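Peer 1: Below are the sequence and a predicted model; questions follow.
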Amino acid sequence: MKEYEKLELKELNYNSYLKVPELLDLQKELSTPPHHDEMFFIIIHQAAELWFKLMLHETNGLIHDFQKNSVSRALKKLKRLTRVMDLMVKQINLLNTLTPVEFAGFRDHLRPASGFQSIQFRVMEFTFGIREEFFIRFFEKEPEKKKILESIKDKKSVYDEFLACLNRNGFSIPKEILERDVSTSWKLSDELVQTIKTIYENPKENYHWVLLFESMLDFDEKFALWRSTHMLMVARTIGMKMGTGGSSGYNFLAGRAEHRFFPELWAVRTEVGGEYS
Ligand code: HEM
């Protein structure tokens, strides 16, 4: 008797545990007859939403690690977040297999659906600290989603939690930063840049913090790379046409490509090592 013949088919199996039939029943093209490339377009978005779900899960863990002052656990969360973001960038590159004519063949069917309505993307931004009121309007017709964004707006962001953690660990963070109105956008703080500079320049006793900063930057860089890769893909697929969500498309995305979650970790690079070194 072969080994696999001895295996009993238990009630719980791969398909029932992972809900594979349900998952594979979720891809419904709207074009009639179905355009060949619409299946690809649906799957790439659904896969992205699944990865966003995992990233939000990891991000909540990261916040918890900062609250518990656990640098090593935070490093682990950031490592997975960065790897997933790397995959997200590669996924966007897959769209280079879609020509503008192929996309135009089914684009009208998905109007007015738009990435603006991705609640998980916006929750990612809000959780990390980019909280632009403008984007809440895209959930006017979905009040439960609007409520989620509004409730996150009043909580500390990942960056605020990180700074509170630094403060508890002996690095003095200005009171006005620790007690700031977290519902407003972050403003670059020169004082904070100087604190981070001191930590970078005294690595002997601070090396685990340096590693943490670098890991945070790894993630921030990958997120920024996703923004610019998505923006270039848009130029390639629809040129300068407007987005289905009503924005100017490429130019709008170009403005957002500048966004960073941890601006002082970028700014400090100009400050360290002296002007000519
Ligand atoms: C052919 C493929 C795609 C095109 C042409 C495209 C185009 C656009 C455009 C023009 C916008 C600006 C908003 C608007 O006016 O609609 C946008 C936003 C967005 N797209 Fe895409 N997109 C594509 C694929 C994707 C994929 C695969 C994802 C995966 C998650 C995605 C996620 C988003 C998100 C989250 C936004 C909001 C960005 C922000 O607010 O900064 N898009 N997209």
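Peer 2: That came through, no problem.
Peer 1: can you list the residues of the chain near the ligand?
Peer 2: Proximity of the chain to the ligand is confined to 44-45, 48, 95, 103, 114-116, 118, 121, 230, 234, 237-238, 243-247, 249, 252-253, 256 under the rule C-beta under 6 Å from any ligand atom. Just so you know, the C-beta spots here come from the backbone N, C-alpha and C atoms, and that holds for glycine as well.
Peer 1: Tell me how far residue 268 lies from residue 28.
Peer 2: Residue 268 sits 49 Å away from residue 28, going by C-beta to C-beta, to the nearest Å.
Peer 1: about what we covered before: just the buried residues out of the residues of the chain next to the ligand, in PyMOL syntax.
Peer 2: The buried subset of the residues of the chain next to the ligand, as determined by 16 or more other C-beta atoms under 10 Å, is captured in PyMOL by this line:
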select buried, resi 48+95+103+115+116+118+121+230+234+237+238+243+244+247+249+252+253+256
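Peer 1: after the lowest-mean-pLDDT helix or strand in the chain comes which helix or strand?
Peer 2: The weakest-scoring helix or strand in the chain, judged by mean pLDDT, DSSP states H and E, is helix 3-6 (a mean of 66). If you walk from helix 3-6 toward the C-terminus, the next helix or strand you reach (DSSP states H and E) is helix 14-18.
Peer 1: average pLDDT for whichever helix or strand comes after that following helix?
Peer 2: For helix 14-18, the following helix or strand on the C-terminal side (DSSP H and E) is helix 20-23. Throughout helix 20-23, pLDDT has a mean value of 98.
Peer 1: Could you do stretch 207-222 as well?
Peer 2: Here the average pLDDT along stretch 207-222 is 98.
Peer 1: Also stretch 83-103?
Peer 2: Confidence over stretch 83-103 (mean pLDDT, whole number) is 98.
Peer 1: can you pull the buried residues of that stretch?
Peer 2: Neighbour-count burial for stretch 83-103 [16+ other C-beta under 10 Å]: 84, 85, 88, 89, 91, 92, 95, 98, 102, 103.
Peer 1: Which of the residues you listed fall within helices?
Peer 2: Counting by DSSP state H, the buried residues of stretch 83-103 place 84, 85, 88, 89, 91, 92, 102, 103 in helices.
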